[in-house]
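**Student:** following is a predicted model, sequence given first.
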Amino acid sequence: MLNATQRIFASVLFLLLVSAMTGGALARLNGPSAVGIDGVRIFSRGIPISDGQFIAQTGNSFHLSELSGSWSLLFFGYTYCPDVCPMTLANLSRTWKRLPLDVQAQLNVVLVSVDPERDTPASMAPYMGYFNPSFMALTGNPTALKTLATEVNAFFARVERDGDLAYLMDHSANIVLIDPAGQYRGYIEPPLDPQRLTSVIQQLVSMPRY
């Protein structure tokens, strides 16, 4: 059961989402604006993204357009990440387990690898399975990766280290929101609190689709 603070957050978030998603007429004239609360930013209209082709952890080819029909949470990371990625995936998994089954059915959680050189389907499958077998991972196409990252304002860069130490990847930690139309619709800033994120997701999937 939600406590008073959580109910207030959910109510305010709902009003913000209504404001964002009914502001399309003005947005078409002036470009998308954003409303937000507590690190959640929702655009007044979706921003189209390219239909990049990747490789899923199953080894199968995957186009971003296949995410259409559901809300998707995209996180840019990599399997060799020492801290941010495991923490983020753990919090996303905790959030997932709090969601009703009907909400889970309307949601994709996707790790987009910023390290396709090392992140192969063979290495990503057990990594994702450890956190949540329902989650998806995409890798294998540096060109599509750069295009997607640019379109959703995500940053990543290779960081070399001295001696024989393996390189690291610096990257954004935001969760990117892709709406059921397959468009960039906002983002969630860290830190990720499973209770807060559960409220966000439930409000998102309950909104009318425009």
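**Tutor:** Happy to help now that I have it.

**Student:** and the next element down the chain from the helix or strand where residue 112 lies?
**Tutor:** Using DSSP states H and E, residue 112 sits within strand 107-113. Remark: after strand 107-113, the chain's next helix or strand is helix 121-131, criterion DSSP H and E.

**Student:** now the angle between strand 107-113 and that next one, please.
**Tutor:** 130 degrees (axes from the mean of the first three to the mean of the last three C-alpha atoms, to 10 degrees).

**Student:** restrict helix 121-131 to CA atoms and write it as PDB.
**Tutor:** In PDB, the C-alpha atoms belonging to helix 121-131 read as follows (Å, rounded to 0.1, in the frame of the first residue of the first chain):
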ATOM      1  CA  PRO A 121      25.400 -12.300 -27.300                       C
ATOM      2  CA  ALA A 122      27.200 -15.100 -25.600                       C
ATOM      3  CA  SER A 123      28.400 -12.900 -22.800                       C
ATOM      4  CA  MET A 124      25.300 -10.800 -22.500                       C
ATOM      5  CA  ALA A 125      22.800 -13.700 -22.200                       C
ATOM      6  CA  PRO A 126      24.000 -14.900 -18.800                       C
ATOM      7  CA  TYR A 127      24.700 -11.400 -17.600                       C
ATOM      8  CA  MET A 128      21.100 -10.300 -18.300                       C
ATOM      9  CA  GLY A 129      19.800 -13.700 -17.000                       C
ATOM     10  CA  TYR A 130      21.500 -13.000 -13.600                       C
ATOM     11  CA  PHE A 131      19.500  -9.800 -13.100                       C
END
